[in-house]
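In: Can you look at this prediction? I've put the sequence above it.
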Amino acid sequence: MKDRIRKVMESQHMTQQVFAEFIQIAPATLSSIFTGRTRPTLAIVEAIKNKIPKISTDWLLFGIGNMYEDGSDEDVSVKAQSDSGTVSERMLDFDDHQQVISSKPSPVSGVQFSYDDVINKVKNFDKPQRKITEIRIFYDDQTWETFVPKK
């Protein structure tokens, strides 16, 4: 049954986290089911059925028949309900918008930095200035001296 729950999740194009939020269960519960630590409960089946009414309960519970009650096994997108809101925000629609990006970088006019200049500036920016806090010298007779700079 965990494989069928995973198929439902994948057919909705959702990650494990988003699917758990969508059916309003804890993400850890879904993770425990997928790892085999726990078995799916009736509450989880009801949560899936409530959010995706077209899902076949026979298929979900026993693997009998098609995934969806109308007989089609195609991907069916879920309309986010008004109370959840988070699922629709995380779902992306790639059907209407196609954008071609050239593989060659285009030069930016007015910029006169060389590659080495940029690398040096990035190195200086990423690392904060370090200061010596103390120096220790260890001797072979198991003793040491500590030197601390004046502030």
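Out: Sure, I can see it.
In: how about the strands in the chain?
Out: Ranges of strands in the chain, per DSSP state E, are 135-138, 144-147.
In: So which other helices or strands are in contact with the last one?
Out: The one in question is strand 144-147. Under the contact criterion of 3 or more CB pairs under 8 Å, 6 or more residues apart in numbering; DSSP states H and E, strand 144-147 touches strand 135-138. In short, each C-beta sits where N, CA and C put it, glycine included.
In: Equivalent analysis for the first one, please.
Out: Helices and strands in packing contact with strand 135-138 are listed as strand 144-147; criterion 3+ CB pairs under 8 Å, 6+ apart.
In: who's in contact with the strand it packs on?
Out: E134, I135, R136, I137, F138, Y139 (CB atoms under 8 Å, 6 or more residues apart in numbering).
In: Make CSV out of the residues you listed and add neighbour count.
Out: Below are these laid out as CSV (neighbours: other CB atoms under 10 Å):
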residue, neighbour count
E134, 8
I135, 10
R136, 8
I137, 9
F138, 9
Y139, 8
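In: sorry, back to before: could the strands of the chain go into a markdown table alongside mean pLDDT?
Out: Shown next, in a markdown table, are those (pLDDT from 0 to 100):
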| stretch | mean pLDDT |
| --- | --- |
| strand 135-138 | 93 |
| strand 144-147 | 92 |
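In: Same list, these, but as TSV with distance to S56 please.
Out: Converted to TSV, the strands of the chain look like this (distance: least, CB to CB, whole Å):
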stretch	distance to S56
strand 135-138	72
strand 144-147	75
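In: for the ones you listed, which one sits closest to S11?
Out: Nearest of those to S11, taken as CB to CB: strand 135-138 at 63.1 Å.
In: State whether Q16 and F34 are indeed in contact, as I suppose.
Out: Yes: if you go by CB atoms under 8 Å, Q16 and F34 touch, sitting 7.1 Å apart.
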